[in-house]
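1. Let's see this in three dimensions:
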Amino acid sequence: MPKPRKKKPKPRRPKKAPVTNVTKVTKPKLPPAPIGRPPIDVDEAKLKQLASMGLAEGEMAAILECSIDTLQRRYRKEIDAGWELRNASLRRKQYEVAAVGGNPTMLIFLGKQYLGQKDKMEHSGGVTLEALVCGDKEEDPK
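-> Numbering: from 1, shown residues only. You can find the predicted model right below:
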């Protein structure tokens, strides 16, 4: 039987000496890209002025070129403050017209629309209906 052959060791490669004078070139890191649409900047003073003129949210959104949802979500306080100024102005004008004179019909309409005012219905005629409820029966008092 033949003798097994011994494998010759492979020659080792010489190790490379580390290079110390070479600078590594790296790419500059960019900031992350923004996600979503850029925020809309609305002039709050102009929004308050539009609300004080009595404009609806849709009309204000069209003038300011943004959505109604944006106005409702981000600028609710300014809209409400403007509408309060409108209500105060209407009340002041109603008082002036009542004291000085003018067109009360339009002011009554505006008061009903914006100020929650309503006509008070008074009943007259003196008819009264009384019923005494006891248990399951109704009895007329005599």
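2. how about low-confidence regions in this structure?
-> Residues of the chain meeting the criterion pLDDT under 70: 1, 19-22, 99, 102, 123-142.
3. Please enumerate the helices of it.
-> 44-52, 57-64, 68-74, 76-100, 104-114 (DSSP state H).
4. so which of these comes closest to A33?
-> helix 68-74 (22.3 Å; Cβ to Cβ). C-beta: built from backbone N, CA, C; applies to glycine.
5. so what does the closest one touch, helix or strand wise?
-> Contacts defined by 3 or more Cβ pairs under 8 Å, 6 or more residues apart in numbering; DSSP states H and E place helix 68-74 against helix 57-64.
6. could you dump the helices of the chain to a markdown table with mean neighbour count?
-> As requested, the helices of the chain are exported to a markdown table (neighbours: other Cβ atoms under 10 Å):
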| stretch | mean neighbour count |
| --- | --- |
| helix 44-52 | 18 |
| helix 57-64 | 16 |
| helix 68-74 | 14 |
| helix 76-100 | 14 |
| helix 104-114 | 13 |
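7. what's the closest of the ones you listed to I35?
-> helix 68-74 (17.3 Å).
8. Once you drop chain neighbours, what's closest to E65?
-> Spatially, and ignoring its direct neighbours in sequence, E65 is nearest to I40 (7.9 Å; Cβ to Cβ, 6 or more residues apart in numbering).
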